[in-house]
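**Q** Have a look; sequence and predicted model below, questions after that.
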Amino acid sequence: MGVRLITKKKPWIFLGLLVFLNAALSFSLPHCRTLTAIGDLSQCLLISVALVYLVRVTRGSEHRQRAFWTFFCFGFGLWLVVQCLWTFFEVWLSQDVPNPFVGDIALFLHLVPMMAALAVRPDRERSESGSQLGRFDFAMLLLWWFYLYLFVVIPWQYVSPDISIYGRTFDLLYLLEHFVFLTCLTAVWLQSRGAWKIIYGHLLGAATLYAGSSIAASFAIDYHKYYTGSIYDIPLLSAMAWFAAVPIIAGRTTVKAENLDARTPSTAWIATLAMLATISLPLMAAWALSESGTPPKVRYFRIALTLLTMIAMATVTWIKQRRLDKQLAQAYRDLREDSLTDLLTGVRNRRFFTTTIDNDAKQAIRAYSAPASSGSLRNQDLAFYLIDADSFKDVNDRFGHDAGDELLVQMAHRIARAIRYSDVLIRWGGDEFLVLSRYTDRTDSVSLAARVLSALGDEPFRLTCGASIRSTCSIGWAVFPWFVNQPDAVPYEEVLRLADSALYEAKKAGRNRGVGMLPTLEQLKIKAGELGTKEARLAETLGAQMITVEPQLASDQPPSHPAAFHAHHS
């Protein structure tokens with residue numbers, strides 16, 4: 001992947017001069033209020049510049065890149081809050097920052113959103129649903145880090161104050177956090193490619209410099225050797241300037257997500273870490289109970305804190321599981337929908353027919369089997385319409401199979417517009433469709449055939465290859481149940497075969513027409529018990545009356561109203 005950087009000098013000059021100025025003052029001036037004010041304001045300014053550029057690159061990003069930079073905005077926002085508090089004490093109040101410092105918890109937590117940003121992995125293509133579930137994992141990790149700080153550090157700040165223990169515990173925990181962040185960042189950098197490798201590399205360099213300088217400054221505070229503007233701030237300011245440069249580089253770099261091969265490890269480790277954090281809670285409670293050297297009120301605080309955190313994390317896990325269940329249910333519905341849908345035309349397939357036809361047939365049989373007093377039997381029939389494209393092979397031969405596929409898609413759309421909402425259009429195979437007309441009436445069955453003939457034959461089909469094709473169809477249909485007085489006498493499979501025979505008759509009669517097979521008047525009056533063997537019944541059935549529907553061929557633009565079709569009984 002090519003990386004295009006537009007070089008503009010102003011941001012780099014400003015960041016470099018600010019760091020150089022503070023370095024020069026650190027070596028030339030003794031500890032004084034002026035040096036402290038310049039150091040504090042410079043750090044606030046550098047973090048603010050980084051935050052401004054992070055917001056700018058966030059607005060110009062898409063999808064998960066926006067989430068990535070938003071997490072960094074959150075982290076730098078916490079960092080800016082800490083620095084503003086520090087500046088408030090030293091510049092506004094003109095006093096030393098108290099130790100313990102109230103902003104230490106925000107300083108500790110500001111790295112957690114940056115870890116969450118790494119879990120987003122904008123350099124990879126990833127499903128949106130996976131990103132949503134990852135937010136719950138991030139919430140659990142944020143909660144765990146917050147718990148860890150309260151468990152390890154806060155007891156020596158408020159529950160049983162001890163400044164020396166507080167300093168040691170904070171330094172060790174802060175060191176652990178930086179180690180975890182740098183480990184994750186290194187792993188992500190090693191797995192990335194192209195422009196994202198450059199961005200991750202700059203983040204890794206800035207984070208490494210920041211970790212070393214902040215931990216050194218933290219230890220210097222404990223030994224009363226640190227003051228704002230001292231030489232400890234030079235690498236810290238350099239790290240801030242480097243962080244500010246990262247969104248500038250990203251905003252001037254062409255970056256996109258890459259589809260990496262299957263051998264590259266996935267980002268499921270964030271969920272694994274969240275689960276390990278949950279499992280660690282009872283272990284922490286057991287350790288708090290077994291620690292006999294700590295004051296009792298510290299032990300009680302830690303146990304109560306662990307129980308509350310377990311409840312909170314269990315709640316997040318429950319919400320995540322509910323969301324996951326909904327997504328799995330939706331995925332199952334989508335998968336089932338895909339399995340019942342024809343991939344080319346988007347209409348139903350034969351699998352859908354075999355899945356639903358038994359219920360449709362049983363419903364029609366129940367309607368005719370009910371007592372006469374139960375209501376009208378109108379619109380209780382099923383009608384099977386087999387629709388076959390005329391001369392479809394010629395289209396494939398002349399224009400290619402892609403044009404043939406496009407023609408089938410357009411035919412499916414036109415048929416779908418011609419049928420009712422309760423009817424079902426099914427891709428039966430090849431260039432053949434089946435319309436299963438539900439809740440219809442056999443006496444009106446000719447109307448649907450007329451509408452379909454008009455929909456396909458009235459207007460030419462315009463293909464993307466530039467061809468304009470007139471294509472007609474042949475239709476064969478039959479109704480179910482066949483015998484209204486004994487609706488279960490002839491199964492729907494035989495009625496479907498009758499529709500296929502009617503389609504054959506339409507083809508044989510010259511195409512561009514519909515042929516329907518309906519029971520004769522005598523067959524409709526057959527009573528129960530008068531039927532013979534299956535073969536005899538089918539023989540009688542084949543003697544059904546045929547209704548032929550032909551389009552009006554006289555004009556170039558045939559009328560689309562059903563009255564423009566001629567029905568012939570034979």
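**A** Ah, there it is. If you're wondering where the values come from, they're calculated on a predicted model, not measured in any experiment.
**Q** Where does residue 221 sit: helix, strand or coil?
**A** The three-state label given to residue 221 by DSSP: H, G, I helix; E, B strand; the rest coil is helix.
**Q** Please report phi then psi for residue 385.
**A** phi -110, psi 110 (degrees, to the nearest 10).
**Q** So it is in contact with residue 437, correct?
**A** Yes - using C-beta atoms under 8 Å, residue 385 is in contact with residue 437, at 6.5 Å. (Glycine included, C-beta is placed from N, CA and C.)
**Q** shared neighbours of those two, anything?
**A** Residues touching both residue 385 and residue 437 (C-beta atoms under 8 Å, 6 or more residues apart in numbering) are residue 448.
**Q** Those two: which is more packed in?
**A** Neighbours were counted for residue 385 and for residue 437 using other C-beta atoms under 10 Å; residue 385 has more, 26 against 23.
**Q** Tell me the spacing between that one and residue 480.
**A** Residue 385 is 12 Å from residue 480, where distance means C-beta to C-beta, to the nearest Å.
**Q** likewise residue 89?
**A** Residue 89 is 87 Å from residue 480, by C-beta to C-beta.
**Q** Which one's more surrounded, these two?
**A** Set residue 89 next to residue 480 and count neighbours by other C-beta under 10 Å: residue 480 wins out with 25 against 17.
**Q** Can you name the residues bridging to that one?
**A** residue 382 (DSSP bridges).
**Q** check contacts around it.
**A** 361, 364, 381-384, 490, 492, 495.
**Q** Then residue 303?
**A** So residue 303 contacts 285, 288-289 (C-beta under 8 Å, 6+ apart).
**Q** try residue 39
**A** 22, 25-26, 228-230, 233.
**Q** Now tabulate those in JSON lines and tack on secondary structure and distance to residue 205.
**A** Formatted as JSON lines, the contacts of residue 39 follow (DSSP: H, G, I helix; E, B strand; the rest coil; distance: C-beta to C-beta, whole Å):
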{"residue": "22", "secondary structure": "helix", "distance to residue 205": "20"}
{"residue": "25", "secondary structure": "helix", "distance to residue 205": "25"}
{"residue": "26", "secondary structure": "helix", "distance to residue 205": "22"}
{"residue": "228", "secondary structure": "coil", "distance to residue 205": "24"}
{"residue": "229", "secondary structure": "coil", "distance to residue 205": "24"}
{"residue": "230", "secondary structure": "coil", "distance to residue 205": "23"}
{"residue": "233", "secondary structure": "helix", "distance to residue 205": "18"}
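**Q** just those now: which is nearest residue 467?
**A** Lowest distance from residue 467 to the contacts of residue 39 (C-beta to C-beta) belongs to residue 22, with 73.1 Å.
**Q** Can you give me the neighbour number for the closest one?
**A** 21.
**Q** ok, now how distant is it from residue 235?
**A** Computed with C-beta to C-beta, the distance linking residue 22 and residue 235 is 11 Å.
**Q** same thing with residue 60?
**A** On the measure of C-beta to C-beta, residue 60 and residue 235 end up 31 Å apart.
**Q** Please apply the same query to residue 344.
**A** 63 Å.
**Q** Show me which of the two is the more surrounded one.
**A** Higher neighbour count among residue 344 and residue 235: residue 235, with 18 against 13, using other C-beta under 10 Å.
**Q** Test for you: state the pLDDT assigned to the more buried one.
**A** At residue 235, the model reports a pLDDT of 93.
**Q** can I assume it is in contact with residue 208?
**A** No - between residue 235 and residue 208 there is no contact under C-beta under 8 Å: 10.3 Å.
**Q** Would you check which pair of the contacts of residue 480 lies furthest apart?
**A** 383 and 490 (14.4 Å).
**Q** can you list the weak-confidence ranges in this structure?
**A** Residue ranges of the chain with pLDDT under 70: 1-9, 125-134, 254-269, 371-377, 521-544, 552-570.
**Q** Could you chop it up by domain?
**A** 32-255+273-337, 350-569 (automatic domain parsing).
**Q** Any idea which of those domains gets closest to residue 11?
**A** domain 32-255+273-337 (5.4 Å).
**Q** so how far is the closest one from its chain's centroid?
**A** Mean-position distance between domain 32-255+273-337 and its chain equals 27 Å (C-alpha atoms, centre = their mean, to the nearest Å).
**Q** ok, so of the contacts of residue 303, who is nearest residue 160?
**A** residue 288 (13.4 Å).
**Q** where does the closest one land in three-state SS?
**A** Looking at residue 288 with three-state DSSP, the answer is helix.
**Q** Secondary structure element holding the residue nearest to it when sequence neighbours are not counted?
**A** Take residue 288 and drop its neighbours on the chain: the residue closest to it by C-beta to C-beta, 6 or more residues apart in numbering is residue 302, 3.9 Å away. Per DSSP states H and E, residue 302 falls inside helix 296-339.
**Q** and after that helix, which helix or strand comes next?
**A** helix 350-369.
**Q** quick one on the thing from earlier: shared neighbours, residue 22 and residue 235?
**A** By C-beta under 8 Å, 6+ apart, no residue touches both residue 22 and residue 235.
**Q** Can you pull the phi/psi pair for the closest residue to residue 391 other than its chain neighbours?
**A** With C-beta to C-beta, 6+ apart as the criterion, residue 391 has its nearest non-adjacent residue at 7.3 Å, and that residue is residue 471. Backbone torsions for residue 471, taken as degrees, to the nearest 10, come to phi -130, psi 130.
**Q** ok, residue 471 to residue 516 distance?
**A** From residue 471 over to residue 516 (counting by C-beta to C-beta), the distance is 22 Å.
**Q** okay, those two: which has more neighbours?
**A** Using other C-beta under 10 Å as the criterion, residue 471 and residue 516 rank with residue 516 on top: 29 against 21.
**Q** Just list the residues touching the more buried one, thanks.
**A** Contacts of residue 516 (C-beta under 8 Å, 6+ apart): 445-446, 449, 476-479, 502, 546-549.
**Q** Save the contacts of residue 39 as CSV, and put in distance to residue 109 too.
**A** Converted to CSV, the contacts of residue 39 look like this (distance: C-beta to C-beta, whole Å):
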residue, distance to residue 109
22, 26
25, 31
26, 29
228, 22
229, 26
230, 25
233, 22
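**Q** And the residues you listed, which is closest to residue 156?
**A** Closest to residue 156, out of all of the contacts of residue 39 and judged by C-beta to C-beta, is residue 228, at 24.5 Å.
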